[in-house]
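> Predicted model and sequence below, questions to follow.
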Amino acid sequence: MSETNTARQTDNIIEVTDLCKYFRVSRKATLKAVDHVNLTIRRGETLGLVGESGCGKTTCGRTMIRLYNPTSGTVKFNGQDISKLSGKELLQFKKNAQIIFQDPYASLDPRMTIGEIISEGMNVHFHYSEEEKRQRVNDLLHRVGLSQDYANRFAHELSGGQRQRIGIARALAVEPQFIVCDEPISALDVSIQAQVVNLLIKLQREDQLTYLFISHDLAMVKHISDRVGVMYLGNLVELSSNVALYDHPLHPYTKALISAIPTADPEEDMSARQIKLEGEVPSPINPPEGCRFRQRCRYACDRCAQETPALREVKPGHFVACHRCEELDEHPEENQ
Amino acid sequence: MEQILEVKDLHVSFNTYAGEVKAVRGVSFELNKGETLAFVGESGCGKTVTAKAILRLLKPPFAEIKEGSQILYQGRDVVHMDKKALSSYRGEEVSMIFQDPMTSLNPTMKIGKQIMESLRIHKHISKQEARKEAIELLRLVNIPSPETRVDSYPHELSGGMRQRVMIAIALACSPNILIADEPTTALDVTIQIQIMDLLKDLKTKLGTAIILVTHDLGVVANFADRVQVMYAGQVLERGTTKEIFEDSRHPYTWALLSSVPTLAKESKQELYALKGTPPDLILPLNHCPFAARCEHCMQICKERNPAETVLSETHRVSCWLQHPDAPRTLTFNGKEARS
């Protein structure tokens, strides 16, 4: 392997190329949950992934850590194609890539103690003695802000926020490099959300973790992410640094999505800045030809119906999949 | 302004094996014609229970509205209404949209039939007329091609569409009060806007008063006229939306407002996070319920419950910081807490 290659490896922890994940729902119909997605995640950063429900963000995250096998395309983790891994290498990969699930009520086994839940992964990956294991569980509980008495309790004794902390401790137990956070806060109360997000940021600083943060809460994604990707109906439509995306979105869908965030400011007249989208997300089973957003896009033209726009770098580090984003950016009013 | 609903000293308890859970502890408020009142607070603060008590939807003997509680709808006593009066009160006068549109529709009935059900019961009209009206209602809530949609089953509709159907059912008998319990929590942002716009529209068109139960402060800021902040079954602060968002006086309201990230806030900064959890509602509480988590907690807060301080005609707060002997405190946006 050449030197440039090794240099690139240290830069990107995940490289996703042309990733597709289809589910066959019947003999004739295929659900295209993730369709030709390209993205990279740099080491140590948080990539936010936003979009409406059913846009494929969770499927994308799960395919990246091989909870699903991709239909086509590749996912490279530290330069290694993960779909070709098996045996020891696969085990090693699973140790390095972990996930925190959305629903803290459903993702903890009700019949296991918290200590057992956290140490389950360690039993597979490390050979700790009982004493070491207990010590390690106590350390982890301490790191996620719980006292060590919790090790002997059961999940039903804990509140939602505490359970989500256990979910985080379980992911950290095997010392991963990369964690997929799949809507880790959407089942929690506002004040608890803040606690969990603060914890995630703290842990990232301590361990140089890389996160894929999946959420539909756009304000929270802006808060935690370095770069943000926007998905619509299985496609990645925009990918950029967090500041550029929220201050200056280029894709019409991103613009509408950001304008729809309600702000906690009664003075502001929301309807003035809102871009209203007509209709709802079409079914991913038979998505429209061409650009998938065109039926709800007020700028759609003939070209959008014929040609699927590819994700291209419009500005340095700012990727957009839209045929008309440059002209719209220059003359937004004329084209309405 | 004409007052249509008045709740005085409402107490609701649930009888469980562990003991009596006092979910609502002395909530009082009034609702005027055509206004939107929001109940805000964390889960378990009693906002949904209060809303359900107004409709008498809490099932005895498991849940009981305590002696001395008063709910007056246009002067009529709701707490002691008999079955017959209650069935015309529900639906015709007050109706409710539930939190989860996925589970609150009957999956085995066509949506048209579900709308017609309440029309037929309350208005005593024929099937054909009811069907016509159901189609009109679907059109009112902006469902495309209502003539065909009226014969679909709930599973054929998306979440946003189902919530529209729920609204259509709630509006079927043009009630005076609509209780919306977390109407958009289960929906995506772009759909959330559509639903909130629809409710806003209907409010101006039909003059319905709305009680909005939510924990989303963004929705409240854009939609409500008045807000009451609830915690552990009590109202800690109430006021117009402007007063609550710009001049709130209760430390719990400050905590709620500062724990949500906004697009303007700097990224990756630590968010303000409330420590601890709400109090156990089985235990008696004769001091300020928020004392244990409050940054400005004083000795008195752990001993006695503060009385409501009147700041303006609409703005009231229950906090010892308002007492003349309390130390000077600044609110989260740097204003003086006591005027």
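Here it is on my side, so go on.
> who in the stretch 51-200 of chain B is up against chain A?
Counting by CB under 8 Å from any CB of the partner chain, the positions of the stretch 51-200 of chain B adjacent to chain A are B:144, B:158-161, B:188-194, B:196-197. Where C-beta positions appear, they are placed from N, C-alpha and C, glycine not excepted.
> among those residues, who's most crowded?
B:I193 (25 neighbours; other CB atoms under 10 Å in any protein chain shown).
> Name the nearest residue to that one, sequence neighbours excluded.
Nearest residue to B:I193, sequence neighbours excluded (CB to CB, 6 or more residues apart in numbering or on different chains): A:A260, at 4.9 Å.
> same deal with B:A291?
Leaving aside its chain neighbours, B:A291 sits nearest to B:C301 (4.2 Å; criterion: CB to CB, 6+ apart).
> Torsion angles phi and psi at that neighbour?
The phi/psi pair for B:C301 (degrees, to the nearest 10) reads phi -60, psi -30.
> Can you report how many residues neighbour the residue nearest to B:I193?
A:A260, neighbours per other CB under 10 Å, totals 21.
> Run through the residues that contact it.
For A:A260, the contact set (CB atoms under 8 Å, 6 or more residues apart in numbering or on different chains) comprises A:Q274, A:I275, A:L277, B:V189, B:T190, B:Q192, B:I193.
> Check A:K76 too.
Contact analysis of A:K76 by CB under 8 Å, 6+ apart lists A:I14, A:E15, A:V16, A:T17, A:I82.
> quick one on the thing from earlier: looking at it, the residue nearest to B:A291 is touching B:C288, isn't it?
Yes. Counting by CB atoms under 8 Å, B:C301 does reach B:C288; the two are 4.5 Å apart.
> overlap in contacts of those two?
Among the neighbours of B:C301, those also in contact with B:C288 (CB under 8 Å, 6+ apart) are B:C294, B:W320.
> Which of those two has more residues huddled nearby?
Of the pair B:C301 and B:C288, B:C288 is the one with more neighbours under other CB under 10 Å, namely 27 against 22.
> Next, give phi and psi for that one.
Dihedral pair for B:C288: phi -60, psi 130, per degrees, to the nearest 10.
> one step back: now, the contacts of A:A260 that are in strands?
When these are checked against strands (DSSP state E), there are no matches.
> Need the max-distance pair from those residues.
Between any two of those, the greatest separation by CB to CB is 14.1 Å, found for A:I275 and B:Q192.
> Show me how the record splits chain B into domains.
B:3-224, B:231-262+B:270-322 (automatic domain parsing).
> Save these as JSON lines, and put in mean pLDDT and distance to A:H318 too.
Shown next, in JSON lines, are those (pLDDT from 0 to 100; distance: least, CB to CB, whole Å):
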{"stretch": "domain B:3-224", "mean pLDDT": "90", "distance to A:H318": "22"}
{"stretch": "domain B:231-262+B:270-322", "mean pLDDT": "89", "distance to A:H318": "22"}
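> pretty sure A:I117 is touching A:R170, no?
Yes. Taking contacts as CB under 8 Å, A:I117 lies within contact range of A:R170: 5.8 Å.
> what pLDDT does A:I261 get?
The model reports A:I261 with a pLDDT of 82.
> Around it, count how many other residues there are.
If you count neighbours by other CB under 10 Å, A:I261 ends up with 19.
> if I look at B:F62, how far off is A:G317?
Per CB to CB, to the nearest Å, B:F62 is found 58 Å from A:G317.
> Select the longest helix from chain B.
In terms of residue count, the longest helix belonging to chain B (DSSP state H) is helix B:189-206.
> could you say what helices and strands the helix or strand just after that one packs with?
Sequence-wise, the next helix or strand downstream of helix B:189-206 (DSSP states H and E) is strand B:209-214. Packing partners of strand B:209-214 (3 or more CB pairs under 8 Å, 6 or more residues apart in numbering or on different chains; DSSP states H and E): strand B:19-32, strand B:36-40, helix B:47-54, strand B:177-181, helix B:217-223.
> Much appreciated, bye for now.
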